[in-house]
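> please work out how this folds:
(one chain, ligands or ions: 1)
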Amino acid sequence: MSHHVFDSQASLKISQLTTGYQRRMIFDQLDLPPLPAGSLVGVLGPNAVGKSTFLKAIAGMRPAKGDIHLGELALSSLHGANRMRHVGYLPQTLPQPTSLVAYEAVASACRAARAELSRKATDSLVEQVFARLSLHSLAFRRMDTLSGGQRQMVGLAQALVRQPQLLLLDEPTSALDLRWQLALIEGVRGVVQEQQAICLIALHDINLALRFCDQIILFAPSGLLATGAPREVITAEHLREAYGIEARIESCSLGHPVVLTDRVADSAHADIGHITRDAGARR
Ligand SMILES: Nc1ncnc2c1ncn2[C@@H]1O[C@H](COP(=O)(O)OP(=O)(O)OP(=O)(O)O)[C@@H](O)[C@H]1O
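As a prediction, the model looks like this:
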């Protein structure tokens, strides 16, 4: 059992979120529909559209204006350690290759966030996370002897062991092979459902998002394009607009929708630094 009191109505509400960098606004008064507790939410969109910036703003790691509520809790008015008690953030960069063994790296992440737990309680949480992610074979390996993908899984374990109400995962599958991508997303989905947490997960793999996410937030270079159920958001038209590609959504032999990508459609997307919404005045 967790020490957190999970409010079953603890949806995530984001309104009027404004954030960016000194010379470049990335989100200007972004409003999203409430995201219910227990949901795995895919954050999708092309390179440089602002997925990482969005997650960092919610984590409180980038200056941002606007209102972020987690149930009754005004997350946007909490800062530093107070905010991080409620949020588990996994950055796009891999955890440091230290001389700690994986088990210790995860246990120390747990102790840092939840100093009140006994040694036994910490061990039991770490055990649970290693079991959930099938990481037992890595437990006593030093971090600096692990592969990139193995370290990425340990990074996820460090985020999960703290049992945050809100998990923010920035491309957590980028270093993982097919099996571990599935292990990660199934593990995260299980945790989110069991703990009635909310997970925002930035992904480039549209089919993984289509298959496993409950909700999708799709950003295009012009700003927020669509939010809602995966089958409604991931359409050929939206993929063209967001990514500048021609794609088809077909049905696989099990009846699930799959995206097949055919070709680049649109030279307007050719510039990876191009954000249409800040063309003009700010350029
Ligand atoms: N520290 C920074 N200073 C200035 N601009 C930045 C900084 N970090 C990111 N940007 C710019 O902000 C925009 C959004 O970047 P962000 O990393 O959020 O995109 P992303 O959608 O996560 O991209 P990717 O899929 O490539 O990881 C980009 O145009 C990027 O160049």
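> what does the stretch 51-200 of the chain put close to the ligand?
51-53 (Cβ under 6 Å from any ligand atom). (C-beta placed from N, C-alpha, C; glycine too.)
> separation between the residue lying closest to F130 once chain neighbours are set aside and the ligand?
In this structure, F130 finds its nearest non-sequential neighbour in H136, 5.4 Å apart by Cβ to Cβ, 6 or more residues apart in numbering. Using Cβ to the nearest ligand atom, to the nearest Å, we find H136 at a distance of 31 Å from the ligand.
> likewise for R263?
21 Å.
> neighbours of G190, just the number please.
Neighbourhood size, G190 [other Cβ atoms under 10 Å]: 13.
> ugh, typo on my part, it should be R119
9.
> give the contact list for the residue nearest to K13 when sequence neighbours are not counted.
Spatially, and ignoring its direct neighbours in sequence, K13 is nearest to H69 (4.4 Å; Cβ to Cβ, 6+ apart). By Cβ atoms under 8 Å, 6 or more residues apart in numbering, the contact set of H69 is 12-13, 75-76.
> what about the residues you listed, which are in strands?
Judged by DSSP state E, the contacts of H69 include 12-13 as members of strands.
> out of the contacts of H69, which comes closest to A113?
L75 (15.9 Å; Cβ to Cβ).
> neighbours around V41, how many?
22.
> hey, what's it bridged with?
L200, Q215 (DSSP bridges).
> surely it and I201 touch.
Yes: between V41 and I201 there is a contact at 6.9 Å, judged by Cβ atoms under 8 Å.
> common neighbours of those two, please.
C213.
> hmm, back to that, okay, the residues of the stretch 51-200 of the chain next to the ligand in TSV with distance to E237, pLDDT and neighbour count next?
Listed next are these as TSV, based on distance: Cβ to Cβ, whole Å; pLDDT from 0 to 100; neighbours: other Cβ atoms under 10 Å:
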residue	distance to E237	pLDDT	neighbour count
K51	21	98	24
S52	26	97	19
T53	25	97	19
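> out of the residues you listed, name the ones that lie in strands.
Among those, no member lies in strands (by DSSP E).
> and these, which is closest to A220?
So of these, ranked by how close each gets to A220 (Cβ to Cβ), first place is K51, at 11.8 Å.
> low-confidence ranges, the stretch 51-200 of the chain, go.
Residue ranges of the stretch 51-200 of the chain with pLDDT under 70: none are present.
> what ranges does it have for its helices?
51-59, 80-84, 102-113, 119-132, 148-160, 178-195 (DSSP state H, counting those that start in this stretch).
> want to throw those into a markdown table with distance to P95?
Shown next, in a markdown table, are the helices of the stretch 51-200 of the chain (distance: least, Cβ to Cβ, whole Å):
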| stretch | distance to P95 |
| --- | --- |
| helix 51-59 | 16 |
| helix 80-84 | 16 |
| helix 102-113 | 7 |
| helix 119-132 | 14 |
| helix 148-160 | 4 |
| helix 178-195 | 14 |
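> for T93, which of these is the nearest?
Of these, nearest to T93 by Cβ to Cβ is helix 148-160, at 8.8 Å.
> for the residue nearest to F130, grab the count of nearby residues.
Neighbours of H136 (other Cβ under 10 Å): 12.
> how close does it get to L254?
Distance of H136 to L254, given as Cβ to Cβ, to the nearest Å: 30 Å.
> do the same with E241
As judged by Cβ to Cβ, E241 and L254 stand 28 Å apart.
> the two: which is more packed in?
Using other Cβ under 10 Å as the criterion, E241 and L254 rank with E241 on top: 19 against 6.
> on the three-state scheme, that one is what?
helix (DSSP: H, G, I helix; E, B strand; the rest coil).
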